[in-house]
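Chemist: pasting the structure only:
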Ligand SMILES: [Mg+2]
């Protein structure tokens, strides 16, 4: 590969000199080549060791930070909030299937996928969640999956070994997660009593309180909580960074 990269340009120069007077064919720069199908974002999540390393690294660092946070807290008084999709479970297979028919997310295909309960556990998620329980914390999964697929999601999570104490899906009319996080704090409808939320994990900036895509305009200090009480997982497949995200 390296030799090809070194010698190909030289070969092209030699050919163009040999054919002086006739324009030499020029190979398209790599950046202008057509994107493969499935696209690079899917290939990165599916194939790149860097993706799995980044996910595992995030969960490990979150676990270490949590050990410190748990030291001063009584067991059963605190919780960690996690998002579901692309945080504790992966829907990569859904993206691959959609790409195979030249499409992305649609309400119908998503409903079918979610009801099929085929999402897989994200690397490092089970170990982290087991660690939360071992340290005396509760695990609340707050997801934007709709009520319609909540029972299937519960079964899917349980089937892949994600042990949670509370699962809260999105009800009609709900958009952001703030009110659902407050329920975890107050204990309203959770059956867990009031809990101090000590950490949030997610793949979307909306998984973190007070955050929106404008965080980058607010300067580096806006991200001070990350690596401390906020931990974000990489997701190049979709997100609120997309221009047409609702
Ligand atoms: Mg998510």
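Modeler: Done, it's in. These figures come from a predicted structure and were not determined experimentally.
Chemist: Which neighbouring elements make contact with the helix or strand residue 183 falls within?
Modeler: Residue 183 belongs to helix 178-186 when assigned by DSSP states H and E. Contact partners of helix 178-186 among helices and strands, from 3 or more CB pairs under 8 Å, 6 or more residues apart in numbering; DSSP states H and E: strand 78-82, strand 138-146, strand 166-170, strand 196-202. Bear in mind the C-beta positions are built from the backbone N, C-alpha and C, glycine included.
Chemist: so which of those strands comes closest to the ion?
Modeler: strand 196-202 (5.8 Å; CB to the ion).
Chemist: The helix or strand following that closest one near the ion anywhere?
Modeler: Once the chain leaves strand 196-202, the next helix or strand it forms, by DSSP H and E, is strand 230-232. No: on the criterion CB under 5 Å from the ion, strand 230-232 is out of touch with the ion, staying 10.3 Å away.
Chemist: what sits up against the helix holding residue 183?
Modeler: If you take CB atoms under 8 Å, 6 or more residues apart in numbering as the criterion, helix 178-186 is touched by 79, 81, 140, 142, 166, 168, 170, 174, 188-190, 192, 194-197, 200, 209.
Chemist: Sketch out the low-pLDDT regions of the chain for me.
Modeler: 1-32 (pLDDT under 70).
Chemist: how about the residues of it near the ion?
Modeler: When proximity is defined as CB under 5 Å from the ion, the chain approaches the ion at 83, 85-86, 203.
Chemist: Apply 6 Å and report the result again.
Modeler: Contact residues (CB under 6 Å from the ion) of the chain with the ion: 83, 85-87, 202-204.
Chemist: In contact with the spatially closest residue to residue 136 that is not a sequence neighbour, which residues?
Modeler: What sits nearest to residue 136 in space, not counting adjacent residues and going by CB to CB, 6 or more residues apart in numbering, is residue 75, at 2.8 Å. Residues near residue 75 by CB under 8 Å, 6+ apart: 135-137.
Chemist: Now restrict these to buried residues only.
Modeler: Using 16 or more other CB atoms under 10 Å as the burial test, these include 135, 137 as buried.
Chemist: Would you agree the residue nearest to residue 136 falls within a helix?
Modeler: No: assessed with DSSP: H, G, I helix; E, B strand; the rest coil, residue 75 is coil; it does not lie in a helix.
Chemist: re the thing from before, please identify the most buried of the helices and strands packed on helix 178-186.
Modeler: strand 78-82 (a mean of 25; mean count of other CB atoms under 10 Å).
Chemist: what angle do the longest helix along the chain and strand 78-82 make?
Modeler: Longest helix in the chain by number of residues (criterion: DSSP state H): helix 49-71. In terms of direction (axes from the mean of the first three to the mean of the last three CA atoms, to 10 degrees), helix 49-71 departs from strand 78-82 by 160 degrees.
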